[in-house]
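> pasting the sequence and the predicted coordinates here, then a few questions.
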Amino acid sequence: MIAQRTGTTALRRVAANPNAVFTSTFAKAALSQMQTRQATTQKISATEARSILDAQRLNRPVSPHLDIYDKQQTFFGGSIWQRFTGSGLSGGLYVFGAAYLAAPLLGWHLESASLVSAFGALPIAVKSGVKFLVAWPFAFHAFNGVRHLALDLGMFMKRQQIVKGGWYIWGASLVSGLYLAFFL
């Protein structure tokens with residue numbers, strides 16, 4: 001729209017005052033080929049414009065909300081849990097990194113030997129629980145990330161495949177998390 005107005009303005013200036021490049025007949029021919037608006041416009045007040053806009057908004061469809069989606073579709077759950085686990089893992093890494101950098105200034109002992117001895121002093125049930133809380137999000141994020149890549153490639157897009165794939169991801173991540181927590 002702006003380009004059309006700019007072109008029209010330039011052609012009108014050339015038609016009114018031609019220079020050596022353009023002749024007035026060229027500019028008049030170009031103006032005669034220009035598109036024109038078939039509908040006439042009229043000036044209206046701001047309140048009239050607002051009432052027309054409000055009337056048009058009543059005919060527009062309302063955008064859908066999350067309530068309209070089927071809660072049984074497991075790819076919604078897998079997608080949000082992918083975000084949760086990724087945010088938790090990366091957030092934990094940032095918090096630990098900042099604490100490790102600030103530890104010498106604050107007098108904390110976050111070097112490897114201190115962490116290993118503190119973790120070794122915990123009861124076996126607490127150790128396994130902490131290991132599972134770290135291992136399960138990592139396993140879920142890894143398996144579900146591969147699933148997301150497959151879905152991005154257009155694979156496994158039938159509803160039954162999506163449901164089965166979701167259950168496989170949950171099962172594989174729980175088994176992997178338990179294995180990493182209790183056997184490593």
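Happy to help now that I have it.
> which element is residue 44 on?
Assigned by DSSP states H and E, residue 44 belongs to no helix or strand.
> excluding sequence neighbours, find me the nearest residue to it.
The shortest distance from residue 44 to any non-neighbouring residue, by CB to CB, 6 or more residues apart in numbering, is to residue 52 (7.7 Å). C-betas here are computed from N, CA, C, even on glycine.
> tell me where this protein has helices.
Taking DSSP state H as the criterion, the chain contains helices spanning 2-16, 24-32, 46-58, 74-106, 112-120, 124-152, 159-183.
> how much space between residue 104 and residue 9?
In this view, residue 104 and residue 9 are 67 Å apart by CB to CB, to the nearest Å.
> how many other residues sit next to the residue nearest to residue 111 when sequence neighbours are not counted?
Here the nearest residue to residue 111 in space, its sequence neighbours aside, is residue 103; by CB to CB, 6+ apart that works out to 7.9 Å. Burial measure for residue 103: 14 neighbouring residues, criterion other CB atoms under 10 Å.
> who touches residue 103 in this structure?
Listed by CB atoms under 8 Å, 6 or more residues apart in numbering, the contact set of residue 103 reads 109-111.
> by neighbours, which of those wins?
Among the contacts of residue 103, residue 110 has the most neighbours (other CB under 10 Å), with 15 neighbours.
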